[in-house]
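K.L.:
Any chance you could fold what I've pasted below:
(one chain, ligands or ions: 2)
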Amino acid sequence: MQDKNVSTSHGCDADTISRYHTLLAQAHKAKENAYCRYSGFKVGAALLAKNGSIITGCNVENASYGLTICAERATIVKAVSMGYRPGDFEAIAIAASNPDFSPCGACREVINEFGDDMMVIFEFKGEIITTELKELLPFSFKL
Ligand SMILES: O=c1ccn([C@H]2C[C@H](O)[C@@H](CO)O2)c(=O)[nH]1
Ligand SMILES: [Zn+2]
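P.N.:
Residues are numbered from 1 along each chain as shown. Ligands and ions are numbered 1, 2, ... in the order given. The predicted structure is shown next:
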C-alpha cells in the first residue's frame, strides 16, 4: 500500500510531518470534548504556535443552530483570548468523527485572519492532508 502521506505532505520533511501527525492526534483528543448534541458530529482542533505551545478546542453547538461555533474558530478565539496574535501560529490540525472532513469556508477565513501562512492538517476521504491555507483559500478577503 502506498504511504498515506507521500502525495499530500506538501514538501514537508519527515520531522515536520511527524510533528503534524502528533498535532492531529491532539485534535482527535480535543474532539472528545465536542458539545454537539444536535448534529452528533464531533470536531476537535489543535493549533500549533510558533513558540511550540499547542492550544486545543472543539465545536460548540447551540439550540439556535446558526450560533454553533466550529472547532477551528473556537480554538483560534481561545488562543487570541490568551494573547496570541496574527503571525504567531505555524499550523492547525482538525479532526472530526468522520474521517472525510475539510474545514468550512467561515473557518478558512478566520484562520486566514490570524495566519495566512499557516499549514492546515486534516483527514479527507481517509487520507491525511497537509496543505497550506493559501491552497484552501485562494483570493482571500483582506482589508
Ligand atoms: O469547519 C467545520 C465545519 C463544521 N464543524 C462543526 C459545526 C457543527 O457542530 C458540526 C456539523 O456541522 O460540525 C466544525 O467544527 N468545523
Ligand atoms: Zn467551520
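
K.L.:
now the strands for the chain?
P.N.:
Assigned strands in the chain, in chain order: 43-49, 54-58, 89-96, 119-124, 127-132 (criterion: DSSP state E).

K.L.:
how far does the first one sit from the chain's center?
P.N.:
Okay, so that is strand 43-49. Offset of strand 43-49 from its chain centre (C-alpha atoms, centre = their mean, to the nearest Å): 5 Å.

K.L.:
Let me have the strands of the chain in CSV, adding distance to ligand 2, mean neighbour count and mean pLDDT as columns.
P.N.:
All C-beta atoms are positioned from the backbone trio N, CA, C, and that covers glycine. Shown next, in CSV, are the strands of the chain (distance: least, C-beta to the ion, whole Å; neighbours: other C-beta atoms under 10 Å; pLDDT from 0 to 100):
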stretch, distance to ligand 2, mean neighbour count, mean pLDDT
strand 43-49, 8, 26, 99
strand 54-58, 12, 22, 99
strand 89-96, 9, 25, 98
strand 119-124, 11, 22, 98
strand 127-132, 16, 17, 98
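
K.L.:
Low-confidence regions, this protein specifically.
P.N.:
1-8 (pLDDT under 70).
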